[in-house]
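Q: Got a predicted structure plus its sequence, pasted below:
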2 protein chains.
Amino acid sequence: MAKENKSIYAILGCLGKREWMTGYDIKQIMQKMSAMYWAENNAQIYPLLKKLLIEKMVELKEDSQGPRKKLLYKITPKGMNHLMKWLVKPPQELAKHKDEYLLKFSLGQFLDQNELQNHIENLLVKVKVKKNILIDGEQRIRKEHEGRKDCLYISSIYEYGILLSEAKVKWCESILKKIKNGDFQTNENLK
Amino acid sequence: MAKENKSIYAILGCLGKREWMTGYDIKQIMQKMSAMYWAENNAQIYPLLKKLLIEKMVELKEDSQGPRKKLLYKITPKGMNHLMKWLVKPPQELAKHKDEYLLKFSLGQFLDQNELQNHIENLLVKVKVKKNILIDGEQRIRKEHEGRKDCLYISSIYEYGILLSEAKVKWCESILKKIKNGDFQTNENLK
DNA sequence: CATCCCATGTAATCTGTTACATGATTGA
DNA sequence: TCAATCATGTAACAGATTACATGGGATG
């Protein structure tokens, strides 16, 4: 059985929340979500919008009023129905990912101790930066989305990212302690 | 600039740790790693091994001794050098992922309260199961890999997975509390 | 005698990324 | 007037997934 393309649900979901959005609007939203749980780029969004239009999941309105031409999309009842059917089904899998940091770390025996330490310090910095971005983002969402139906959902997703970042910080710090303690077998000769 | 295919480093990394492995052996290892940070399936491994062979990053030995023919690969100095060059470079990005649970959760306003609750309970169960698998896995690694250079690396990666699982459990539980408290705006009419 | 594991692979399809092309408006 | 942002898109390529094909050996 062909796997369903979940990207279309991400797009339909955006359109379910707000009517008459452009492909560009959707891309902007996706970009914000991408930090947390979903990424989509415009080489996917525009063709998928066309596909959804052909399947009558969305409808199109051209806006020539404003200064420039915009293509505005709205979800149809058929599209909403399609979204809902998928939404109520239990998700199939936990998120899988390819993590370059962990791949390199798993091969740490081939690195010098200071190279290994650099990688983890580098990761720690990035995770801390991301955590702060998420903390700010959550504050912003609480204000901007106040009163909106999805406010608590979105801020909860930020909360999720923050909790995970904290766990990662904890891990990095414990690893750094072990590295400095010389616990890891590294490669100080070859190369 | 074309993005480098990191899958080849995952394969070279496996071969860097142990000589004369078959494609099947590599696949088995990848399968274990996939729970944590890297997934690769055999439709990628076999063609990549051939590519690596052509590029003289690995060498091949055919084993006809045993009951069935095996193709055994070993990393070459050139391959090792290629691996090392990549390994010392700072990783470029934090892991991105598409998380179906979070996507559905972000659209929770379209679900009934009990459907929303089901999704999170479902996630909580899976995360707890995964956490226990990782705890067992870490124990096993500590024994099986004892004395091996990568023992602490691999067990640390399990530790990473465990810490993240714990953070997820914490999140699910706090969300469930809020759902039961009726904090989330859900859709009890439509559909 | 069936099923699972070992072992190697391919074809077709789907998904994702990069780079590019185009051009208007806004703000410093 | 220059850069950033708004806005829509495509081509080419890279990567991943599914399903299939093949067949020996071991276990029950």
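A: Arrived safely. Numbering: from 1, shown residues only, chains lettered A, B, ... in the order given.
Q: Any buried residues in stretch A:105-114, and which?
A: Within stretch A:105-114, the residues scored as buried using 16 or more other C-beta atoms under 10 Å in any protein chain shown are A:Phe105, A:Ser106, A:Leu107, A:Gly108, A:Gln109, A:Phe110, A:Leu111, A:Asp112, A:Gln113. Where you see a C-beta, it was placed from the backbone N, CA and C, and this is true even at glycine.
Q: from those, which is closest to A:Val129?
A: A:Phe105 (19.1 Å; C-beta to C-beta).
Q: Spit out the contact partners of that closest one.
A: A:Phe105 makes contact with A:Leu116, A:His119, A:Ile120, A:Ile175, B:Tyr153, B:Ser156, B:Ile157, according to C-beta atoms under 8 Å, 6 or more residues apart in numbering or on different chains.
Q: which SSE is it in?
A: helix A:100-106 (DSSP states H and E).
Q: Now render the buried residues of stretch A:105-114 as CSV, adding distance to B:Glu19 and pLDDT.
A: Formatted as CSV, those follow (distance: C-beta to C-beta, whole Å; pLDDT from 0 to 100):
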residue, distance to B:Glu19, pLDDT
A:Phe105, 22, 96
A:Ser106, 18, 96
A:Leu107, 15, 95
A:Gly108, 19, 96
A:Gln109, 15, 96
A:Phe110, 15, 96
A:Leu111, 20, 96
A:Asp112, 23, 95
A:Gln113, 25, 96
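Q: Let me have these in JSON lines, adding distance to B:Glu138 as columns.
A: Listed next are these as JSON lines, based on distance: C-beta to C-beta, whole Å:
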{"residue": "A:Phe105", "distance to B:Glu138": "15"}
{"residue": "A:Ser106", "distance to B:Glu138": "14"}
{"residue": "A:Leu107", "distance to B:Glu138": "19"}
{"residue": "A:Gly108", "distance to B:Glu138": "17"}
{"residue": "A:Gln109", "distance to B:Glu138": "18"}
{"residue": "A:Phe110", "distance to B:Glu138": "22"}
{"residue": "A:Leu111", "distance to B:Glu138": "22"}
{"residue": "A:Asp112", "distance to B:Glu138": "26"}
{"residue": "A:Gln113", "distance to B:Glu138": "23"}
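Q: Looking at these, which one is closest to DNA strand D?
A: DNA strand D lies nearest to A:Ser106 out of the buried residues of stretch A:105-114, by C-beta to the nearest atom of the strand, at 16.3 Å.
Q: thought that closest one was touching B:Ile154?
A: Yes. Using C-beta atoms under 8 Å, A:Ser106 makes contact with B:Ile154 at a distance of 6.7 Å.
Q: longest helix anywhere in chain A?
A: helix A:113-144 (DSSP state H).
Q: That helix packs against which elements?
A: Counting contacts by 3 or more C-beta pairs under 8 Å, 6 or more residues apart in numbering or on different chains; DSSP states H and E, helix A:113-144 is packed against helix A:100-106, helix A:151-180.
Q: In contact with A:Gln109, which residues?
A: A:Gln109 sits next to A:Phe184, A:Gln185, A:Thr186, A:Asn187, B:Lys17, B:Lys149, B:Asp150, B:Tyr153 when contact means C-beta under 8 Å, 6+ apart.
Q: Tell me how many other residues crowd A:Met36.
A: Using other C-beta atoms under 10 Å in any protein chain shown, A:Met36 has 22 neighbouring residues.
Q: Read off the pLDDT value for it.
A: Note for A:Met36: predicted pLDDT of 84.
Q: and it, helix, strand or coil?
A: coil (DSSP: H, G, I helix; E, B strand; the rest coil).
Q: Quick one: neighbours of the residue lying closest to A:Lys128 once chain neighbours are set aside, just the number.
A: Excluding the flanking residues, the one nearest A:Lys128 by C-beta to C-beta, 6 or more residues apart in numbering or on different chains is A:Val169, at 6.3 Å. If you count neighbours by other C-beta under 10 Å, A:Val169 ends up with 16.
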